[in-house]
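Colleague: sequence and predicted structure, then a few things I'm wondering about:
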Amino acid sequence: MMPGEATFLSAGTDPAPRVDAGALEELSRRGVPEETVTALRPKYVSELPARVDWLVTMGCGVAYPALACTHREDWGLKDPTGGPKEYYAACAEDILLHLADLRVRMGIDKTGHMHKGDTDERD
């Protein structure tokens, strides 16, 4: 949805030993290239840069104040782990809705260009 417009990084404070099979299946079902899916691995927050522009937590109830950021928000997603395929599909749809909203708030138009002065700098 936002290729070339932003770099997305994912990490956790206590990552699983492997990416959830249901999540990988949902990504494949949605057309994410196989080489991208197979390259995914759980990472620790300590592997992220010391500062990010936008920090989004997914609803796991874990705040990570040690990671400096310009903007921080929580999307309050329901964890689909261990549930049926429908849970993963619903979570993916929620993420897409949040990304569309984030794109607007970041000031990115449909051509992929960011408009200066249009970004949201709330804390």
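Modeller: Cool, got the structure.
Colleague: and stretch 22-34, how far from the chain's centre?
Modeller: 15 Å (C-alpha atoms, centre = their mean, to the nearest Å).
Colleague: which parts of that stretch are buried?
Modeller: Buried residues in stretch 22-34, defined by neighbour count with 16 or more other C-beta atoms under 10 Å: 22, 23, 24, 26, 27. Using the backbone N, CA and C atoms, a C-beta is placed for each residue, glycine as well.
Colleague: stretch 90-101 too?
Modeller: 90, 91, 92, 94, 98, 99.
Colleague: tell me the SS of the last one?
Modeller: This points to residue 99. Here residue 99 is recorded as helix under DSSP: H, G, I helix; E, B strand; the rest coil.
Colleague: cool, and the second one?
Modeller: The three-state assignment at residue 91 reads helix, by three-state DSSP.
Colleague: quick check: it vs residue 65, distance?
Modeller: Noted for residue 91: a distance of 25 Å to residue 65, by C-beta to C-beta, to the nearest Å.
Colleague: chain neighbours aside, what residue packs nearest to residue 30?
Modeller: Closest residue in space to residue 30, ignoring its immediate chain neighbours: residue 92 at 6.5 Å, by C-beta to C-beta, 6 or more residues apart in numbering.
Colleague: pretty sure that neighbour sits against residue 31.
Modeller: No: contact criterion C-beta atoms under 8 Å: residue 92 and residue 31 do not qualify, at 11.5 Å.
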